[in-house]
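> Make a model of this:
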Amino acid sequence: MVITALTILAICLIVCLIFLALKLNSTKEQSNLLKKELITFRSEKSDLLQLEEEKRQIQQKNKKLFAMSETVYREKKKVDEQIELLKLEAEKLTAEKKKVEEKVKKLWNQSTAIHKEKERINEMKSVIEAKHTEIIDSVNYAKRIQEAILPDLNEIYAHLPNSFVLYKPKDIVAGDFYWFSHKNNLSIMAAVDCTGHGVPGAFMSMIGNTLLNQIVDEKGITDPSQILNILNEEVNTSLKQTKENSESRDGMDIAICCFDMQKMEMNYAGANRPIYIANSTELNEIKPNKCAIGGLDYDVPKVFTTHTIKINKDDLVYISTDGYADQFSPHDKKLMTRKFKEILSSIYLLPMVEQKNHLDAFIEDWKGNMEQSDDILVIGVKI
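Modelled structure (predicted):
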């Protein structure tokens, strides 16, 4: 019985041991399993954390990409707007190009027309230049003729040694001219201002010179007033100014004086031109008759007066046309007769050559770069 109880107890112990062994083995397996699960969990957790980190990084990248996408969208929108503007500009440029092409075409046509017109103008210019050369050559030839009919200065100086003639035509030929004759011991000098200047004036000067030669040298008339009376009638007749339908208004102003050195006497007559006489103390003016030689007032009686003046040694006599006093300065100021008389008063004590040079230099300085407005003639005679 005792053996049986021990056996049973031993069996029970064995069973318990087996159970404990199985339990321990089971616990060990469970522990190993838990360890494996823990390792797996830790691995999974690590993977999860890594995934979370990757997810976070992806989210950050997505945010950046979204921000970049927004930026790209805005930039694209701007680009699209710029493209639209460029399209509009392109359309405008196309329209402008079309206009420019039309203008270029029109300008080309105009250029062609201008070129043809230029060729025509050049041809006309050549013709005009040739005509101009012919005219200038003719006028220069006329100048030589006019100079040939003017008195020889050497002849004037031979009879009036202390004298000067300042003669400055405005153009190539002149309407002013000086005239001289020595007859019967009388020296007759005249300063003549014909209507106009240039070629028309030169024609009148030819007429005046011819008539004076006829009156004095051929007819032998030496009294200044008679010379002017006959000259007036002859100019009226030559230019047919006595006819009712005459359109010729041409004529001349003249100062003429006759020197008789034996009697120390001078006779003067003037048609609108005075004479100035200077002595050691003053400059005096003798007024002319206020009427011209010739013109359409032929039916108005014209009486010219001879003034007889006693002259003394060293007296000075000046006659001139109006060109000197009528010259303008660059300030549009005319010299005027009063200033001309002041100049004569300031120089009459100088030698005659110096007087001429002073008058010439003064008028050139006065007019400066202004064009000469009229023919200039000043004659000075020292007794």
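> where do the strands sit along this structure?
163-168, 176-183, 186-194, 251-260, 265-271, 275-278, 283-286, 293-294, 307-310, 316-320, 376-382 (DSSP state E).
> residues making contact with the first one?
Spelled out, that is strand 163-168. 153, 156-157, 174, 176, 178, 323, 352-353, 355-356, 359-360, 363, 372, 375-382 (Cβ atoms under 8 Å, 6 or more residues apart in numbering). Where you see a C-beta, it was placed from the backbone N, CA and C, and this is true even at glycine.
> orientation of that strand relative to strand 376-382 in degrees?
170 degrees (axes from the mean of the first three to the mean of the last three Cα atoms, to 10 degrees).
> same deal with the third one?
Strand 186-194 and strand 376-382 meet at an angle of 160 degrees, taking the same axes, to 10 degrees as the criterion.
> What is strand 186-194 packed up against?
For strand 186-194, the packing partners by 3 or more Cβ pairs under 8 Å, 6 or more residues apart in numbering; DSSP states H and E come out as strand 176-183, helix 198-212, strand 251-260, strand 316-320, strand 376-382.
> Quick check: which helices or strands does the shortest one pack against?
What that stands for is strand 316-320. strand 186-194, strand 251-260, strand 275-278, strand 376-382.
> Tell me the buried residues in the last one?
Applying a neighbour-count criterion of 16 or more other Cβ atoms under 10 Å, one finds 376-382 buried in strand 376-382.
> Now do it: distance to the chain's middle.
Distance of strand 376-382 from its chain centroid, counting by Cα atoms, centre = their mean, to the nearest Å, is 38 Å.
> Which strands border it, and is each parallel or antiparallel?
Partners of strand 376-382 in the sheet, by DSSP bridges, are strand 163-168 (antiparallel), strand 316-320 (antiparallel).
> pLDDT below threshold where in the stretch 101-250 of the chain?
196-197, 243-248 (pLDDT under 70).
> and if we set it to 50?
The stretch 101-250 of the chain contains no residues with pLDDT under 50.
> Sketch out the helices for it, chain order is fine.
Assignment of helices within the stretch 101-250 of the chain using DSSP state H, counting those that start in this stretch yields the ranges 153-159, 198-212, 224-238.
> Quick one: the ones you listed as CSV, columns for mean neighbour count too.
CSV is the format used below for the helices of the stretch 101-250 of the chain (neighbours: other Cβ atoms under 10 Å):
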stretch, mean neighbour count
helix 153-159, 14
helix 198-212, 20
helix 224-238, 21
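> With distance to residue 367 added, can I get those in CSV?
Listed next are the helices of the stretch 101-250 of the chain as CSV, based on distance: least, Cβ to Cβ, whole Å:
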stretch, distance to residue 367
helix 153-159, 25
helix 198-212, 18
helix 224-238, 31
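> The ones you listed: which one's closest to residue 8?
Comparison of the helices of the stretch 101-250 of the chain against residue 8 by Cβ to Cβ identifies helix 198-212 as nearest, at 176.8 Å.
> Keeping just the C-alphas, turn the closest one into PDB.
Extracted C-alpha coordinates of helix 198-212, given in PDB (Å, rounded to 0.1, in the frame of the first residue of the first chain):
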ATOM      1  CA  GLY A 198      22.800 148.600-112.000                       C
ATOM      2  CA  VAL A 199      21.900 148.100-115.700                       C
ATOM      3  CA  PRO A 200      18.900 150.500-115.800                       C
ATOM      4  CA  GLY A 201      20.900 153.200-114.100                       C
ATOM      5  CA  ALA A 202      23.900 152.500-116.400                       C
ATOM      6  CA  PHE A 203      21.700 153.100-119.500                       C
ATOM      7  CA  MET A 204      20.600 156.500-118.000                       C
ATOM      8  CA  SER A 205      24.200 157.300-117.200                       C
ATOM      9  CA  MET A 206      25.100 156.700-120.900                       C
ATOM     10  CA  ILE A 207      22.300 159.100-122.000                       C
ATOM     11  CA  GLY A 208      23.300 161.700-119.400                       C
ATOM     12  CA  ASN A 209      27.000 161.500-120.300                       C
ATOM     13  CA  THR A 210      26.200 161.800-124.100                       C
ATOM     14  CA  LEU A 211      23.900 164.800-123.600                       C
ATOM     15  CA  LEU A 212      26.400 166.700-121.300                       C
END
